[in-house]
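Engineer: I need the structure of the sequence given here:
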Amino acid sequence: MTQHERQLEVECFILACRLLMQSGAETYRAEDTLLRMAASQGYTEAESFVTPTGILFSTGHGHPIKIAQIKTRSIHLDKISRINEVSRKLSSHQITVEEAYRALKEIDRACYFLNQVWQILFSALGCGGFVILFQGTFIDIPSAAIAGGLGYTTLVLFNRMTKAKLFAEFAAAIVVGLVASFAVNTGIGLEANKIIIGAVMPLVPGVAIANAVRDLMAGHLVSGLSKGAEACLTALAIGSGIAVSLSV
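Structural biologist: Model (predicted):
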């Protein structure tokens, strides 16, 4: 095997792991995928250390360590499914490393999100549904939908302008609280708490909390604690934004 072929294999393994982490997968899933792909190509002594911000990988004792940085993280469940499909095909020798690498590159370039206008629309509709789920009244559905839609719009705009996730979530929560208070004070809505609870649901870090717990249960203490801390900071930003808006 040439040096180029060996390097391509390592790049393919790390790319799959990095894409999984960037798409919101659990750390143990990403590390298991990385090691399974490596073992399928003969690297049975491969070692890895994966965190939410970086990957350390070596094909075995005495071999150099490859480092990859993870700069962004979001939720792409469809992308996770496609990456797992590629890794399974490679592990079962249905495709070659070159084909797997090309497929992963295509997944990396592809955009699986809907247009942001549709994202805002569906977020608003979901917020209205959550009002009923939390035993609210049908009268509060329009208010929750408007508050949730405006809050998600604020999140998107502030993320684009500041690149500061916590500040964007804080601003979005303020908008949700102000809209809910306005709706109740003008008689459009009845229960501000139900409107607020329904409207903040798109901001709640549910997947991050679930991943943090699953990583802790799998023994990945560093990843579990860091993801849990990130989720707690998001919850703090949401709660602080609602408190500020209600106090105003």
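Engineer: Pull out the buried positions in the longest helix seen in the chain.
Structural biologist: For the chain, the helix that runs over the most residues, judged by DSSP state H, is helix 221-247. Of all the residues in helix 221-247, those buried under the rule 16 or more other CB atoms under 10 Å are 223-224, 226-228, 230-231, 234-235, 237-238, 241-242, 245. For every residue, glycine as well, the C-beta is placed using N, CA and C.
Engineer: how does this structure divide up, domain by domain?
Structural biologist: 3-109, 116-247 (automatic domain parsing).
Engineer: Pick the most deeply packed of the ones you listed.
Structural biologist: domain 116-247 (a mean of 19; mean count of other CB atoms under 10 Å).
Engineer: the helices in the chain, which residues?
Structural biologist: Under DSSP H, the chain gives helices at 3-22, 27-40, 77-91, 97-109, 116-133, 141-162, 165-185, 192-199, 206-217, 221-247.
Engineer: Show me what the first one is packed up against.
Structural biologist: I take that to be helix 3-22. helix 27-40, strand 47-51, strand 54-58, strand 65-69, helix 77-91, helix 97-109 (3 or more CB pairs under 8 Å, 6 or more residues apart in numbering; DSSP states H and E).
Engineer: I'd like the distance from that helix to the chain centre, please.
Structural biologist: 21 Å (CA atoms, centre = their mean, to the nearest Å).
Engineer: Mind listing residues that contact it?
Structural biologist: By CB atoms under 8 Å, 6 or more residues apart in numbering, the residues outside helix 3-22 that reach it are 27, 29-31, 33-34, 37-38, 41, 43, 46, 48, 50, 52, 55, 57, 59, 66, 68, 70, 72-74, 76, 79-80, 83, 86-87, 90, 97-98, 100-101, 104-105, 107-108.
Engineer: In contact with Leu166, which residues?
Structural biologist: Taking CB under 8 Å, 6+ apart as the test, what Leu166 contacts is 233-234, 237.
Engineer: Could you save those residues as JSON lines and add columns showing distance to Thr154?
Structural biologist: JSON lines is the format used below for the contacts of Leu166 (distance: CB to CB, whole Å):
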{"residue": "Leu233", "distance to Thr154": "18"}
{"residue": "Thr234", "distance to Thr154": "15"}
{"residue": "Ala237", "distance to Thr154": "12"}
